[in-house]
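# What follows is a protein structure lacking sequence information:
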């Protein structure tokens, strides 16, 4: 419980059972009932930018420079794929799939789909905002 009380803790997402967040570049998934912390990895080049906990609390994804996936079946896995560098937003598509928004201000700006169980991924479309004003809000 000490991590969540850290004044630098930044909440990325929350369900009734868990909260995922970070203290600087280190991410944690915390069980709100028993206060058990699951280390979600370190992000060397900056803080994580987004996180998502599956609605039934079976898995969690944290994105930033890399993508870390925790599931109750497989534990923590780190996906270091050049195509998935700099995840800026995540949304749940189905019970085992998410969509990932990759840095839209770069030439690699795109939307990808990731299957949490198989880790299979494929690009859905490009998403480039290179000539647009910076915003934290995305309509994707």
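Cool, got the structure. These numbers were taken from a predicted model, which means no experiment stands behind them.
# buried residues in the longest strand belonging to the chain?
Longest strand in the chain, counting residues (DSSP state E): strand 87-94. Neighbour-count burial for strand 87-94 flags 87, 88, 89, 90, 92 (criterion: 16 or more other CB atoms under 10 Å). For the C-beta atoms, the positions are set from N, CA and C on the backbone; glycine is no exception.
# Can you find the helix or strand in the protein with the smallest mean pLDDT?
Least confident helix or strand of the chain, by mean pLDDT, DSSP states H and E, is helix 2-5 with a mean of 82.
# Give the buried residues for it.
Judged by neighbour count (16+ other CB under 10 Å), helix 2-5 contains these buried residues: residue 3.
# Against which helices or strands is it packed?
Helix 2-5 is packed against strand 18-23, strand 26-31, with contacts defined by 3 or more CB pairs under 8 Å, 6 or more residues apart in numbering; DSSP states H and E.
# Residue 139 is nearest to which of the ones you listed?
Residue 139 lies closest, by CB to CB, to one member of the helices and strands packed on helix 2-5: strand 18-23, at 23.7 Å.
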